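Undergrad: have a look; sequence and predicted model below, questions after that.
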Amino acid sequence: MADIARDDDVIEIALPPRFAMGERVASRTVIRNDGTYCGKDIGEVLVHKGDIGFVRSIGTFLQQFYIYAVEFSESGHRVGMRAKELCTLDHLPQDVLALLGERAALLDTLH
């Protein structure tokens with residue numbers, strides 16, 4: 001069987017960041033407080049799947065991963081997230097935009 005590299009084995013910072021400052025993104029997963037978000041209980045939901053936010057800063061973790069500080073305006077939370085937990089809304093491929101049809105135009109109203 002072929003040896004398949006896991007996401008955690010990849011050194012992301014060897015490549016440019018996947019998202020840019022100010023880029024609109026959507027959460028691909030539910031994010032719960034792991035104890036690093038002050039004022040919220042451990043396990044409390046900070047971000048729901050599909051929540052929309054903006055990349056406010058880009059840092060690194062363990063000299064391996066990019067961490068994107070994403071501000072979710074609806075909840076007011078600013079949460080550090082990995083690229084695999086996010087999806088762009090500003091740079092969707094043409095085939096995805098075609099599938100969205102009229103809903104793609106609604107993305108422009110989310111600025």
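TA: Cool, got the structure.

Undergrad: contacting residues around Phe65?
TA: 12-13, 82 (Cβ atoms under 8 Å, 6 or more residues apart in numbering). For the C-beta atoms, the positions are set from N, CA and C on the backbone; glycine is no exception.

Undergrad: could I get those as CSV with neighbour count, secondary structure and pLDDT?
TA: Formatted as CSV, those follow (neighbours: other Cβ atoms under 10 Å; DSSP: H, G, I helix; E, B strand; the rest coil; pLDDT from 0 to 100):
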residue, neighbour count, secondary structure, pLDDT
Glu12, 18, helix, 82
Ile13, 14, helix, 83
Arg82, 16, coil, 92
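
Undergrad: and those residues as TSV, adding distance to Cys38?
TA: Listed next are those as TSV, based on distance: Cβ to Cβ, whole Å:
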residue	distance to Cys38
Glu12	27
Ile13	27
Arg82	20
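
Undergrad: of those, which is the nearest to Tyr66?
TA: Glu12 (5.2 Å; Cβ to Cβ).
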